[in-house]
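Student: dropping the sequence and predicted coords here.
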Number of protein chains: 2
Amino acid sequence: MKLSDGVEWALHCCTVLAFVPRGSALPAGRLAEFHGVPTAYLAKHLQALSRAGVVESVAGPRGGYRLSRPPEEITLYDIVAAVEGTAPAFRCTEIRQRGPAALPAREYKAACLITQAMHRAEAAWRAELQSQTLAGLIAELTGAIPPRSVEKAARWFQEVLR
Amino acid sequence: MKLSDGVEWALHCCTVLAFVPRGSALPAGRLAEFHGVPTAYLAKHLQALSRAGVVESVAGPRGGYRLSRPPEEITLYDIVAAVEGTAPAFRCTEIRQRGPAALPAREYKAACLITQAMHRAEAAWRAELQSQTLAGLIAELTGAIPPRSVEKAARWFQEVLR
DNA sequence: GTCCCTATACTCGGATAGCAAGTGTCCGAGTATAGGCGG
DNA sequence: CCGCCTATACTCGGACACTTGCTATCCGAGTATAGGGAC
């Protein structure tokens, strides 16, 4: 089981985008530069965020990406699901309906108990991510990030959003 | 994010192995036949269960696999972890230490907050799986499985364990 | 009849190909901007 | 001096190669069994 690297990138990008002034936007190239990752590949994941309605894109010069909702209304699950998809990690192939103890398909009305157990675990995972908003994450960040880093980031913002 | 098919197979196999009389064992070939899956590939996952200490193997004729502990002491997480590994699904690559706002590496003492949040979610997933034992699953199963299927399975057991 | 020995056949275990999905990259379509031109 | 038009350059979006890890398979090492022979 492995999550795409894009999930990490998307979470960091959304955190940065939360500091973009209302009305402005940040291009994919600037975001990639800020995080030191390949531009083209990051763009791919930003498109996924755009399709999911987490961020919105504006074309042309002075264009780029910005959050489409206030950070209070964006959960970490929204971001993860946008990149990773909403399909369950555990997929039941109904092997109980095969082999010497199998019955005709119509006999299996109730869902497989093993599948239910695995889905409960995934639900717990989703619930934990849904309980955390982007705003909450940023609130934690304030005070946890070294002041010098905040200063450098602010300077970079000044230059890029100019 | 996708779990290996082997996880589903392993869970079903352990459920079946719980019904093997103490002292006996069930070969990989019989387990594969019971579930209608490729023998060689299932064997690979049974080896993983064996390495993890969930099942134990006995070689030679009348050999095979059996649970190495009573079902009360085997959690669903034990089985999933044996097949899938214990590495976290979310891997932090420390992109916060790159780009124009980065500081020298020694400045980053505290763990990345985004990573902490993702790890909390995975912990919730693990906790849910750890709270369920194989014995509990089997208790649920009793009464949920159609009587005709139980009968066919019992007949097959008679023939195989003979 | 009982014990021992040997050959057998069955088991697991790790090493080996094939394939799908994630990783990484590129170029084309669309648009807001900025400059120039005319009134 | 002001408004309009056009050319520009910058943005996103989807289509195209490559690599890693999951899927599937095979053959060899080891062992408990079963049968036969000797006592």
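Tutor: All right, it came through fine. Numbers count the residues shown, from 1 in each chain, chains lettered A, B, ... in the order given.
Student: is DNA strand D within reach of stretch A:116-123?
Tutor: No - judged by CB under 7 Å from any atom of the strand, stretch A:116-123 stays clear of DNA strand D, getting no closer than 14.5 Å. In this view, the C-beta of every residue, glycine as well, is placed from N, C-alpha and C.
Student: next: stretch A:86-100.
Tutor: No - using CB under 7 Å from any atom of the strand, stretch A:86-100 never reaches DNA strand D; the gap is at least 9.0 Å.
Student: so which bits of that stretch are buried?
Tutor: Neighbour counts using 16 or more other CB atoms under 10 Å in any protein chain shown place A:88, A:89, A:90, A:95, A:96, A:97, A:99, A:100 of stretch A:86-100 among the buried residues.
Student: stretch A:9-21 too?
Tutor: In stretch A:9-21, counting by 16+ other CB under 10 Å, buried: A:9, A:10, A:11, A:12, A:13, A:14, A:15, A:16, A:17, A:18, A:20.
Student: include distance to residue A:79, pLDDT and secondary structure when you put those residues into a markdown table, please.
Tutor: Output for the buried residues of stretch A:9-21, formatted as a markdown table (distance: CB to CB, whole Å; pLDDT from 0 to 100; DSSP: H, G, I helix; E, B strand; the rest coil):
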| residue | distance to residue A:79 | pLDDT | secondary structure |
| --- | --- | --- | --- |
| A:9 | 10 | 98 | helix |
| A:10 | 5 | 98 | helix |
| A:11 | 6 | 98 | helix |
| A:12 | 10 | 97 | helix |
| A:13 | 9 | 98 | helix |
| A:14 | 6 | 98 | helix |
| A:15 | 10 | 97 | helix |
| A:16 | 12 | 97 | helix |
| A:17 | 11 | 97 | helix |
| A:18 | 11 | 96 | coil |
| A:20 | 16 | 94 | coil |
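Student: and which of those residues is nearest to residue B:54?
Tutor: Nearest to residue B:54 among those: residue A:11, at 34.1 Å, using CB to CB.
Student: for the closest residue to the closest one other than its chain neighbours, what are its contacts?
Tutor: Nearest residue to residue A:11 in three dimensions, chain neighbours excluded: residue B:114, at 4.9 Å (CB to CB, 6 or more residues apart in numbering or on different chains). Applying CB atoms under 8 Å, 6 or more residues apart in numbering or on different chains to residue B:114 gives the contacts A:8, A:11, A:12, A:15, A:137, B:92.
Student: also compute the angle for the biggest helix by length in chain A relative to helix B:113-130, please.
Tutor: Among the segments of chain A that qualify as a helix by DSSP state H, the longest is helix A:113-130. Helix A:113-130 runs at 150 degrees relative to helix B:113-130, counting by axes from the mean of the first three to the mean of the last three CA atoms, to 10 degrees.
Student: buried set for helix A:113-130?
Tutor: Buried, per 16+ other CB under 10 Å, within helix A:113-130: A:113-115, A:117-122, A:124-126, A:128-129.
Student: farthest-separated two in these?
Tutor: Greatest spatial distance in those: A:113 and A:129, 25.3 Å, computed using CB to CB.
Student: get me the contact residues on chain A for DNA strand D.
Tutor: Counting by CB under 7 Å from any atom of the strand, the residues of chain A close to DNA strand D are A:1-2, A:25, A:27-29, A:40, A:43-44, A:46-47, A:50-51, A:57-61, A:63-65.
Student: how about a cut-off of 10 Å?
Tutor: Within chain A, the positions near DNA strand D by CB under 10 Å from any atom of the strand are A:1-2, A:25-32, A:39-44, A:46-51, A:55-66, A:91, A:93, A:160.
Student: can you turn the buried part of those into a PyMOL selection?
Tutor: Of the residues of chain A next to DNA strand D, the buried ones can be selected in PyMOL as follows, counting by 16+ other CB under 10 Å:
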select buried, chain A and resi 1+25+26+27+28+30+31+32+42+46+48+49+55+57+64+65+66+160
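Student: any part of stretch A:90-108 near DNA strand C?
Tutor: No - using CB under 10 Å from any atom of the strand, stretch A:90-108 stays clear of DNA strand C, coming no nearer than 10.5 Å.
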